[in-house]
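In: Got a predicted structure here, sequence first:
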Amino acid sequence: MAFSILSEALIADVRDAGYDSEAVFAEAFQDAADLELWGKSVLIGKEDVYKVTEDTWRFSSHMAKLRRCLRIAKESFVKPEVDKAKADADAQAAHVLATAQAMAAGGSCNTQQSSPLSLAMPQWPQAVQTNKLDVDARRKLWHDFGNTYTGEFILENDRPAKQLVQSYWHQKVTGELIWVPWKRLLSQAEENVSAKGSGGNKESRFLAIMAEAHGMVDDIEIDSPTSHFRVTKALSLRATCWALVGWCHLKSAKSFASHVIEHFTKRPLEGSGLRSPTAPEAEAADQALVETLVSLMGHSNMTLDQAIYEVVDARCMAATLLVPRPLAAKATNNNASHTRNNMPTANGGPVRTAPQPKATPYGQSGQSKKMPCHLFKKTGACKFGDQCKFKHTSGSGHGRAKP
C-alpha cells in the first residue's frame, strides 16, 4: 500500500486533509507541483514534529516519501490516458517520412507512388519513438521553466541543444541517470553549427530526415573542452537540463556543477611542486561523482536533490577526487647526454668519461688555415695585395703578415 511508507504523523495529516484513500490521493494530485505546495504547507506548519525548516523541507525524507507515495498510488489507481500530442507527433513523423521517400524517388510529393529506393529502405524499430519530445512538449518545458525560475534568463542560442534535452528527458522518464561525456554537452548554437557542417548530398539529407523522423539521430560531438570557461559552460548546460526536465531543483543542479568547477580551477601555492588537475582528470572525476549519484538514487532510494546534497555538502567528494597533482620532474640535458658515458666498465674499471671532440685537420675551430704565399716569401711582395687568398709571411715563417 502507498500509505504504508509514510510515518504515522504524516498519515494522520493526509487523512485529516480529506484524502482518506489512496485512490483519492492519486486523483487529487495530478501534477507533482501541487504535491510540492501541499507538502510544504504541511511540513512547515509542523516544524517541531517533522524537524524541517524553510530551506530543508524540499530535501527531507518526509517529502521524498510523499512523492513516492503519489507515484505508487498513480500506478495502482490512475489509468494512463492517450497522449494526444505524442500521437500527433507520430503521425507528423510518418507524413514527413512518406514525403521524403517520394522526393527521393523522383521529386514528386505523391506519397502513393513507390520506388526502388523505398523498397531498399531500412525499417527502423518502433521502440525508439518512445518518450520523444515534440515541438509543443519542448516549448511547454521551457514555459514551465521560465515560470518556476523567473530570475533565470537564457537566450535562445545559449539554451541546451535539443538533442541534449531529449537525452535527459528520456533518462528522466525511464528513471535511469546516465553520465554524458562533456563533448556532448552542447548549446543550441553549437548544435546548429555542427548540423550545418554535416550537410551532404541528396541521399544523405534524405537518410538524415528519415532517421530524425524515427528518433534515431547520431549524437553530435565536439572536441572535449579543456579551458575553464568551456568546462563551466558545459556543466551549466547539464544543470539547466536537469532542472528543465523536472529531475531536481535548479539550485541543486548548479551547486553540483559549482562543486566540480571549484576544485577543478583551484590553483595550488606557487613553489609547492603541485599542479591543478587537467581537463581529462576533471572529466573522470565528474563521471565518478555522477555514478555516485546513481548509486545513491538506486540503493538508498534518494531523489536527485537528496543525492546531490549528500555528494556535495555531506561528503564533499570533489575535494578528494580533484586534488592537486605533483609536477613532473624535469631532466637536465647534461645528465641525459652523459649518462651512458659515465657508467663504470664491465670489468669494474674506472668510470669512463665523455670523449672530447677531436681537432679537425684545419684546426680546432674547424676553419681552414691559410697556406703561405710563395711569391711573398720569395720577393717580399705580392701583386694581389689584400686580395690574395694565401698568407703573407716572411721567408723564415716567423715574420709578421704584411698587407
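Out: Thanks, I have the structure now. Bear in mind the structure is a predicted one, so any value in this text is a computation, not a measurement. Residues are numbered from 1 along each chain as shown.
In: where do the helices sit along the stretch 151-300 of the chain?
Out: Using DSSP state H, counting those that start in this stretch, the helices of the stretch 151-300 of the chain run over 162-174, 188-197, 202-213, 228-244, 250-265, 279-299.
In: ignore the last one, the stretch 301-403 of the chain
Out: All helices of the stretch 301-403 of the chain, identified by DSSP H, counting those that start in this stretch, fall at 304-309, 318-321, 333-338, 374-379.
In: weakest of those helices by average pLDDT?
Out: With a mean of 50, helix 333-338 has the lowest mean pLDDT of the helices of the stretch 301-403 of the chain.
In: Least confident of the helices of the stretch 151-300 of the chain, on average?
Out: Taking the mean pLDDT of the helices of the stretch 151-300 of the chain, helix 202-213 comes last: a mean of 54.
In: So if we follow the domain assignment, how does the chain break up?
Out: Domain segmentation of the chain under automatic domain parsing yields 3-77, 134-183+226-326, 369-403.
In: could these be laid out in a markdown table, adding mean neighbour count and distance to E191?
Out: Backbone N, C-alpha and C define where each C-beta goes, glycine included. A markdown table is the format used below for those (neighbours: other C-beta atoms under 10 Å; distance: least, C-beta to C-beta, whole Å):
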| stretch | mean neighbour count | distance to E191 |
| --- | --- | --- |
| domain 3-77 | 16 | 29 |
| domain 134-183+226-326 | 16 | 4 |
| domain 369-403 | 12 | 73 |
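In: Now distance to T56 too, for the helices of the stretch 151-300 of the chain, in JSON lines please.
Out: What follows is those, written out as JSON lines (distance: least, C-beta to C-beta, whole Å):
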{"stretch": "helix 162-174", "distance to T56": "24"}
{"stretch": "helix 188-197", "distance to T56": "35"}
{"stretch": "helix 202-213", "distance to T56": "44"}
{"stretch": "helix 228-244", "distance to T56": "19"}
{"stretch": "helix 250-265", "distance to T56": "12"}
{"stretch": "helix 279-299", "distance to T56": "17"}
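In: Figure out which of these is closest to E152.
Out: Proximity to E152 (C-beta to C-beta) singles out helix 250-265 among the helices of the stretch 151-300 of the chain, at 6.6 Å.
In: what inclination does that closest one have with respect to helix 279-299?
Out: Counting by axes from the mean of the first three to the mean of the last three C-alpha atoms, to 10 degrees, helix 250-265 lies at 140 degrees to helix 279-299.
In: If you count contacts, what does helix 250-265 end up packed against?
Out: Contacts defined by 3 or more C-beta pairs under 8 Å, 6 or more residues apart in numbering; DSSP states H and E place helix 250-265 against helix 228-244, helix 279-299, helix 304-309, helix 318-321.
In: Same list (these) but as CSV, adding distance to E270.
Out: Listed next are the helices and strands packed on helix 250-265 as CSV, based on distance: least, C-beta to C-beta, whole Å:
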stretch, distance to E270
helix 228-244, 18
helix 279-299, 20
helix 304-309, 33
helix 318-321, 21
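In: Need the helices of the stretch 301-403 of the chain in a markdown table (columns: distance to L43).
Out: Listed next are the helices of the stretch 301-403 of the chain as a markdown table, based on distance: least, C-beta to C-beta, whole Å:
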| stretch | distance to L43 |
| --- | --- |
| helix 304-309 | 15 |
| helix 318-321 | 30 |
| helix 333-338 | 68 |
| helix 374-379 | 114 |
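In: Tell me which of those sits nearest to K46.
Out: Closest approach to K46 among the helices of the stretch 301-403 of the chain (C-beta to C-beta): helix 304-309, 20.7 Å.
In: Name the residues that touch the closest one?
Out: 58-59, 64, 177, 242, 247-249, 252-253, 255-256, 292-293, 296-297, 300 (C-beta atoms under 8 Å, 6 or more residues apart in numbering).
In: can we see that at 10 Å?
Out: Here helix 304-309 makes contact (C-beta atoms under 10 Å, 6 or more residues apart in numbering) with 56, 58-61, 63-64, 172, 177, 242, 247-249, 251-256, 259, 289-290, 292-298, 300, 302-303, 314-315.
In: Only alpha carbons, please: show it as CSV.
Out: Output of helix 304-309 as CSV, limited to C-alpha atoms (Å, rounded to 0.1, in the frame of the first residue of the first chain):
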residue,chain,number,x,y,z
LEU,A,304,18.4,13.6,-7.2
ASP,A,305,18.2,16.6,-4.9
GLN,A,306,19.0,14.5,-1.9
ALA,A,307,21.8,12.6,-3.7
ILE,A,308,23.4,15.9,-4.8
TYR,A,309,23.2,17.2,-1.2
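In: quick one, what contacts E152?
Out: By C-beta under 10 Å, 6+ apart, E152 lies in contact with 145-146, 240, 243, 250, 254.
In: where's E262 relative to E281, distance?
Out: According to C-beta to C-beta, to the nearest Å, E262 and E281 sit 15 Å apart.
In: closest one to E156 among the helices and strands packed on helix 250-265?
Out: Closest approach to E156 among the helices and strands packed on helix 250-265 is made by helix 228-244 (13.2 Å; C-beta to C-beta).
In: From the contact counts, what lies against that closest one?
Out: helix 135-148, helix 162-174, helix 188-197, helix 250-265, helix 279-299, helix 304-309 (3 or more C-beta pairs under 10 Å, 6 or more residues apart in numbering; DSSP states H and E).
In: Can you classify the closest residue to A28 other than its chain neighbours as helix, strand or coil?
Out: For A28, ignoring the flanking residues on the chain, the nearest one in space by C-beta to C-beta, 6 or more residues apart in numbering is Y19 at 6.1 Å. Of the three states, Y19 takes coil under DSSP: H, G, I helix; E, B strand; the rest coil.
In: where does Y19 land on pLDDT?
Out: You'll see Y19 listed with a pLDDT of 81.
In: which residues does it contact?
Out: Contact analysis of Y19 by C-beta under 10 Å, 6+ apart lists 3, 11, 13, 25-29, 38, 73.
In: How much space separates it from R68?
Out: As for Y19, its distance to R68 is 15 Å (criterion: C-beta to C-beta).
In: No further questions, thank you.
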